[in-house]
Each structure stands twice: as C-alpha cells, then as structure tokens.
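K.L.:
sharing a sequence plus its predicted fold:
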Amino acid sequence: MRSIESGLESYLQGHYRDKSFVFRLRADILIPAFTVSVVSYHGEPLLHPEAVEFNELVRRYREKAYFHGIPISGRDSGRGDPEDPEVEMLLSMERYVRLIHT
C-alpha cells in the first residue's frame, strides 16, 4: 500500500506544480478491499475525525475483514448474526487521509 501512495505522490509531483491533493485510503471489511482516491484540494476542511494512521488502518483491516464472506442469518456460520450491534459496529469503513503538496 505504501508503494501505491509513494507512486501517486511521485506522479503528481512530476505533472503538477504548486497544487495540493488529498490522498484517501479506505478499508472496507465487507468486500474486503481497499479503495484509493486522490482529489485536488482547495482549502476545504480536510480533517476527518474517524481518520486513523496508516499502520493502524491495515492492522484493524487484517483483524476485522470478512475474508470468507459475511455471515448469513439462519445459517450456523459460527461468526454471529450480522444484525448484532457489535457486528454492525465492525462493518463501518475506516480511512487514512494525507495531504500531498506538489
């Protein structure tokens, strides 16, 4: 993941001067997958209260991702009911956010 971040940063610095971009990495434990987005930044509020450090995002993703699928109600999967509030809390996406200046 870090190589994607550094590659995007190098690309942006090679093609843009005096611009700012927001790099976001979102962890979705349901798919499971990461979503990378890069958008231009023009001074709008950047801070996300739910943003976490990169290493923390990857650690939580490894612990919580549904690599073998989401439990289906009515089946004895041993993973619990997806309607359970504790499982519902785990379904949220977490993100890492960084500002890149060129």
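P.N.:
Yep, that arrived.
K.L.:
residue boundaries of the helices in the chain?
P.N.:
2-15, 54-64, 85-90 (DSSP state H).
K.L.:
redo the ones you listed as a markdown table? Include mean neighbour count.
P.N.:
C-beta here means a position set from N, CA and C on the backbone, and glycine is covered the same way. A markdown table is the format used below for the helices of the chain (neighbours: other C-beta atoms under 10 Å):
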| stretch | mean neighbour count |
| --- | --- |
| helix 2-15 | 12 |
| helix 54-64 | 14 |
| helix 85-90 | 11 |
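K.L.:
which stretch among those helices comes nearest Ile31?
P.N.:
helix 54-64 (10.8 Å; C-beta to C-beta).
K.L.:
export the helices of the chain to CSV and append columns for distance to Pro32.
P.N.:
Formatted as CSV, the helices of the chain follow (distance: least, C-beta to C-beta, whole Å):
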stretch, distance to Pro32
helix 2-15, 17
helix 54-64, 7
helix 85-90, 12
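K.L.:
any chance of those helices in a markdown table, with mean pLDDT and distance to Val38 too?
P.N.:
Compiled in a markdown table, those are given as follows (pLDDT from 0 to 100; distance: least, C-beta to C-beta, whole Å):
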| stretch | mean pLDDT | distance to Val38 |
| --- | --- | --- |
| helix 2-15 | 92 | 6 |
| helix 54-64 | 88 | 15 |
| helix 85-90 | 53 | 27 |
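K.L.:
can you name the residues bridging to Tyr96?
P.N.:
Leu25 (DSSP bridges).
K.L.:
which residues touch it?
P.N.:
Arg24, Leu25, Ala51, Val52, Glu53, Phe54, Leu57 (C-beta atoms under 8 Å, 6 or more residues apart in numbering).
K.L.:
give me the nearest residue to the fifth one, chain neighbours excluded.
P.N.:
In space, Glu53 comes closest to Tyr96 once its chain neighbours are excluded; the distance is 6.9 Å by C-beta to C-beta, 6 or more residues apart in numbering.
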